[in-house]
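In: Sequence and predicted model, in that order:
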Amino acid sequence: MKMNQIVFPLALALAATLATTGCKHTPMKVTPIYGSQAPNVGGENGGPTIGGGGVMGGDGGGTGINTSQGGGNTTGLDEFEGMIKDPAALAAHTIHFAFDSAAIKKSEDSNVSAVASALSGSANDKLLIEGNCDERGTEEYNRALGERRALAAREALAKRGVSPDRIRTISYGKDKPTDPGHDDAAWSKNRRADFILLHPKP
């Protein structure tokens, strides 16, 4: 009986402590965009993540930008609708990331500069940046990481004089691997940001 009188209040106190403290959840940081407010970041099961005001429809097969409007002082999405995607134009300048990182490596500077140069040579073209991850990790985490990678690339281009208004970002998470393998060699290829040039319709 005395044991119950001691154990019961202790159990009750422990339960109360756990109920009041719970698990802390710290939201992930989003890369700030030069010259605009930080965009919204989507979550799991919501399709590709919005970045800088736009989202590309479909899982790698979208043909245009839909009309979802996110945060940031960016050009209206109607200026992106109906543009022609040219994925081959900048394919040689894809940038790759270290595991679990959205920091652009020094070795990728030449690729970022080449993309900035291509955009400066054609004022009517715009750009879609696709953020991608390897297969490890949850879908939700990889969507957010892919978006941070795309935003980091966008910020790097803005620092080289490209207006953020000409750029939209999308995260495919781990849904668009370039290499279907399950080893370090494949994963290193899949941790990337692809640059898709967008031409106006003739």
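Out: Thanks, I have it.

In: what about the strands in this structure?
Out: Read by DSSP state E, the chain holds these strands, from start to end of the chain: 49-51, 84-86, 95-96, 126-132, 167-173, 192-199.

In: List just the one of those that sits closest to residue 185.
Out: For the strands of the chain, distance to residue 185 was read as C-beta to C-beta. The smallest value, 12.1 Å, belongs to strand 95-96. All C-beta spots, glycine's among them, are computed from the backbone N, C-alpha and C.

In: related to what we said a few turns ago, for the strands of the chain, give me TSV that also has mean neighbour count, distance to residue 151 and mean pLDDT.
Out: As requested, these are exported to TSV (neighbours: other C-beta atoms under 10 Å; distance: least, C-beta to C-beta, whole Å; pLDDT from 0 to 100):
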stretch	mean neighbour count	distance to residue 151	mean pLDDT
strand 49-51	27	6	43
strand 84-86	14	20	94
strand 95-96	20	13	98
strand 126-132	25	8	96
strand 167-173	28	6	95
strand 192-199	22	9	97
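
In: of all those, which lies closest to residue 156?
Out: strand 95-96 (8.6 Å).

In: strands paired with that closest one, and their directions?
Out: When sheet partners are counted by DSSP bridges, strand 95-96 sits next to strand 192-199 (antiparallel).
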